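Chemist: Turn this into a structure:
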Amino acid sequence: MSTKDAVAILAGAVLVVSLLGNTKTPQATAASPLGNTAGTRPGLAPITSAADKADARALISRLTTKGRGPGTGYERTKYGTNWADTADSVPYAHNGCRTRDDLLARDGTDITYRPGSHCEIIALRLTDPYTGRTINWHKNKADEIQVDHIVPLAYAWHMGANHWPMTKRVDFANDPLELLPVDGAANEQKDASGPASWLPPQHTIRCAYVTRFAQVAVKYDLPVTKADKASMLAQCR
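Modeler: Below is the predicted model of the structure:
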């Protein structure tokens, strides 16, 4: 399925959020992932209406399935430089900032930049979508917030990204639709799991989480396992 087709079946309009000087709270500005196909909105918002859940299931139902392939040859560098600013097809490319800082600015509040820098964030507050807790983060404890690849890079490699050209892998690894600043411990627990093996501890956003997982998979024509697809459908009943 093409990106155009994927966007056409999703409800809602995309609200572009400025990456710099973002002072809104993530929960106040977060919107249903059904309308967040560019990944420019912060956080995840619960999907609660019957209509939105039906749309989410329709999207998930379009996913193709296959068995998880071998991980031969996988390493992080297969997706390019860590937090590259060179992914031509993503909204925030070539702005002089690392992708990680772009995403922290998108989702954080009370942001402090290093003096003299418009990119490097040294402190912020984040409402973690995975656990619901508020994190007052400082760079001296950098791992307390990690930027999660919603579809893990290793998972994508097993499911066919090993055959993609490098340009597509770089775009995938730096696409804001695929990225979410979250509690570091929760992210480490997730590791390279699909939805059948791991879901966010906060139950209220599980449908939103699997919807975003499906959006990414559709956008990049990436299959999922049968078990993962079944788990994703179950979260939006």
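
Chemist: Might one say that residue 223 is in contact with residue 68?
Modeler: No: between residue 223 and residue 68 there is no contact under C-beta atoms under 8 Å: 9.7 Å. Where you see a C-beta, it was placed from the backbone N, CA and C, and this is true even at glycine.

Chemist: Show me which helix or strand of the protein is least confident by mean pLDDT.
Modeler: Every helix and strand of the chain was ranked by mean pLDDT, DSSP states H and E. The lowest is helix 26-29, at a mean of 40.

Chemist: who are the neighbours of whichever helix or strand comes after that helix, in terms of helices and strands?
Modeler: Once the chain leaves helix 26-29, the next helix or strand it forms, by DSSP states H and E, is helix 50-61. For helix 50-61, the elements it packs on are helix 206-219, helix 226-235, judged by 3 or more C-beta pairs under 8 Å, 6 or more residues apart in numbering; DSSP states H and E.

Chemist: how about the nearest residue to residue 201, chain neighbours excluded?
Modeler: Nearest residue to residue 201, sequence neighbours excluded (C-beta to C-beta, 6 or more residues apart in numbering): residue 131, at 5.3 Å.

Chemist: these two touch, right, the one you found and residue 203?
Modeler: No: taking C-beta under 8 Å as the definition, residue 131 is not a contact partner of residue 203, at 11.1 Å.

Chemist: Would you format the helices and strands packed on helix 50-61 as TSV with distance to residue 180 and mean pLDDT included?
Modeler: Converted to TSV, the helices and strands packed on helix 50-61 look like this (distance: least, C-beta to C-beta, whole Å; pLDDT from 0 to 100):
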stretch	distance to residue 180	mean pLDDT
helix 206-219	8	97
helix 226-235	16	98
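
Chemist: Show me which of residue 223 and residue 68 is the more surrounded one.
Modeler: Set side by side, residue 223 and residue 68 show more neighbours around residue 223, with 17 against 14, by other C-beta atoms under 10 Å.

Chemist: List the buried residues for the lengthiest strand in the chain?
Modeler: Identified as the longest strand of the chain according to DSSP state E is strand 121-127. Neighbour counts over strand 121-127 (16 or more other C-beta atoms under 10 Å) mark 121, 124, 126, 127 as buried.
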